[in-house]
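>>> I would like to see how this sequence folds:
(2 chains)
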Amino acid sequence: MAIEIKNVTYTYMKKTPYEKIALKDVSFTIPEKNFIAVAGHTGSGKSTLMQHLNGLIAPSYGQIIVDGIDVNSKGSAKLKARRSVGMVFQYPEQQLFEETIFADIAFGPKNFGLSETQIAERVKKAMAFVDLDYKQYKDLSPFSLSGGQMRRVAIAGIIALEPKYLVLDEPTAGLDPQAKRSLLRNIKKLYNEGKTTIIMVSHNMDDILELAGRVIVLNDGQILADGNPKDVFRQVNLLHKAGLEPPQLIQLLERIKTEVFDISVDKFNVDDAADAIYAEWRRRQKHAR
Amino acid sequence: MLDDIMIGQFFPADSLLHRIDARVKIIVLFIFIMAVFLCDTRADYIVLILLNIILMYISKIPISMYLKSLKPMLWIILFTFIIHLFGDAGEPIVKLWLFSATWNGLFEGTFITIRLFVLILMASILTFTTSPLVLTDALESLLNPFKIIGVPAHELAMMMTIALRFIPTLIGETDKIIKAQKSRGADFSSGNIVKRMSFVMPILIPLFVGAFRRADELALAMEARCYRGGQGRTRMKEMKLERLDFFVSVLVIIVVIVLIIFKIKGI
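Numbers count the residues shown, from 1 in each chain, chains lettered A, B, ... in the order given. Alright, predicted model coming up:
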């Protein structure tokens, strides 16, 4: 079971002077129970690609197949396929509308036709997941919350759908460092429970390195790199070509390499890097003597 | 669905019409609209239609764009035509139950149709060749004399500019909210009308919240840059009438005189 993206091409505003190709013949497979990150600069086609996954946009050419069902096929089977992909948009707090937090989180499950008791159960679980106290918050208006809390409510609204595949489009954009850390921790926790496949769009290579098992780098609507984050981030030139910054540790090692002495940039945690720098420094001290 | 809107659409090009001062264009449009309503003979209309075709030609904008601007009005025009066709007294052509189409009605209907076409095309020529910003500046400049009797010219122009500026933003936001609610199982394409209506609120409320937030932010940003209304405000690009504008004005006056002569002689 997996999401298969087959030769997807998408053109915005076809047949007008403003025509723009957003995706060019993109193909890859997202196997179940993986944590995949998608990176790329603004306008590289990440968000467009994500919106294909649950059929919000139909490709101009190609197919999206979720668990064996084409999400753009005719008939009722596609609905189930689309609903197995949960989508958290950028700045999801902008989609809140209900009078109470409970009602807003319950909106999705209600549309999916769950019973009242099931809905209450799901809302409780989703709120616990995003660290919001059920009793304290359920009757408050979502508009009385802070930005970070609103974001959590909005994400809970998707978590309550218990999607098999969860797509998050830059979930930490605009959050303060503490809120960001706790959100990423929650996402990791969800993944570790082992029931959810996570696809996360991110600009932050450090987050990707820490969380994802695989990273796909998009550039101008095409896949530039696809693989283990460590392997991809070694290719610093490639990242620069995609308009991305390598993880901070690699940036530091790179600077030492160009400005101080020759050293391998192939280190992914602080201890390894410190050891390597120290070893090289010691070697040079001995030679100097 | 949402990218078919042609209201206030501007097509940058390097034509004579693009270069004419926007104030002159507005006044000329105003004169022609009055002319269209006062004209009632064939000779008048031939002059107006020819003028229209010449203007469309020298605007260097594809004719398909003009046809597209007529599209939203097509049903209203067709309706008026049919009302005239069957509504006027005179010698009948065909009879349909209680109603009969008359020759008189056919002529009247055709006249009205041409009149409406000319009106819409004239207005399109103005908006296609003038950027919205310049257009509002020109309106402000034209309304300036009325400030004495308390018309807030600058404020009206500023409101129009802001409204125009936010149309694409709000369209984009609506699109995003619709997609977000669809992802939460909102279904806009099936079920009965009551069920579909229930999904209007999940779109309207976030849209309004967003619009108010934007308005608030914009007001703050304007104040931060010391915006205090039109009082004592100068501009970087002053509007200036040039040779071309005087030339156009003379041409328009000649056309108007010709039309008046037609009127007096009764051609």
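
>>> chain B contacts on chain A?
Residues of chain A that fall close to chain B, judged by Cβ under 8 Å from any Cβ of the partner chain: A:13, A:16, A:51, A:54, A:56, A:83, A:86-87, A:89, A:92, A:94-97, A:107-108, A:110-112, A:143, A:157-158, A:161. No exception for glycine: its C-beta is placed from N, CA and C like everyone else's.

>>> can you name the helix or strand that the residue nearest to A:F97 when sequence neighbours are not counted falls in?
Counting by Cβ to Cβ, 6 or more residues apart in numbering or on different chains, B:I205 is the residue found nearest to A:F97 once chain neighbours are left out, at 3.8 Å. Here B:I205, judged by DSSP states H and E, is contained in helix B:201-224.

>>> which residues touch that helix?
Identification of contacts with helix B:201-224 by Cβ atoms under 8 Å, 6 or more residues apart in numbering or on different chains yields A:94-97, A:107, A:143, B:162, B:166, B:169-170, B:173-174, B:177-178, B:181, B:186.

>>> in helices only, show me these.
Counting by DSSP state H, the part of the contacts of helix B:201-224 found in helices is A:107, B:162, B:166, B:169-170, B:173-174, B:177-178, B:181.

>>> check these against A:R255 and report the nearest one.
The shortest approach to A:R255 among the ones in helices among the contacts of helix B:201-224 belongs to B:T169, at 40.6 Å (Cβ to Cβ).

>>> count of residues packed around the spatially closest residue to the closest one that is not a sequence neighbour?
Of all residues not flanking B:T169 in the chain, B:R214 sits nearest, at 7.4 Å (Cβ to Cβ, 6+ apart). A count of neighbours around B:R214, defined by other Cβ atoms under 10 Å in any protein chain shown, yields 15.

>>> check chain A and tell me which residue is nearest its centre.
A:M200 (1.0 Å; Cα atoms, centre = their mean).

>>> can you verify my assumption that it contacts A:A37?
Yes: using Cβ atoms under 8 Å, A:M200 is in contact with A:A37, at 5.3 Å.

>>> where do the contact lists of those two overlap?
Joint contacts of A:M200 and A:A37 (Cβ under 8 Å, 6+ apart) are A:208, A:211-212.

>>> who wins on neighbours among those?
A:I208 (24 neighbours).

>>> which residues does it contact?
Contacts here follow Cβ under 8 Å, 6+ apart; on that basis A:I208 touches A:37, A:39, A:200, A:202, A:215, A:229.

>>> A:E254 and A:I263, how far apart?
A:E254 sits 9 Å away from A:I263, taking Cβ to Cβ, to the nearest Å as the criterion.

>>> any stretches of the stretch 1-150 of chain B with poor pLDDT?
B:1-8, B:98 (pLDDT under 70).

>>> sorry, that was for the stretch 1-150 of chain A
Across the stretch 1-150 of chain A, residues meeting the criterion (pLDDT under 70) sit at A:15-18.

>>> and the residue of it nearest chain B?
Residue nearest to chain B within the stretch 1-150 of chain A (Cβ to the nearest Cβ): A:N111, separated by 3.0 Å.

>>> distance of that residue from B:T113?
A:N111 is 48 Å from B:T113, by Cβ to Cβ.

>>> of these two, who's got more company?
Using other Cβ under 10 Å as the criterion, A:N111 and B:T113 rank with A:N111 on top: 19 against 15.

>>> how about that one, what does it touch?
B:184-187.

>>> just the strands in chain A please.
A:2-12, A:20-31, A:35-39, A:61-66, A:69-70, A:85-88, A:165-169, A:197-201, A:214-219, A:222-227 (DSSP state E).

>>> for the ones in helices among the contacts of helix B:201-224, work out which two are farthest apart.
A:F107 and B:I162 (32.4 Å).

>>> more crowded one of these two?
Shown here are A:F107 and B:I162; by other Cβ under 10 Å, A:F107 has more neighbours (22 against 14).
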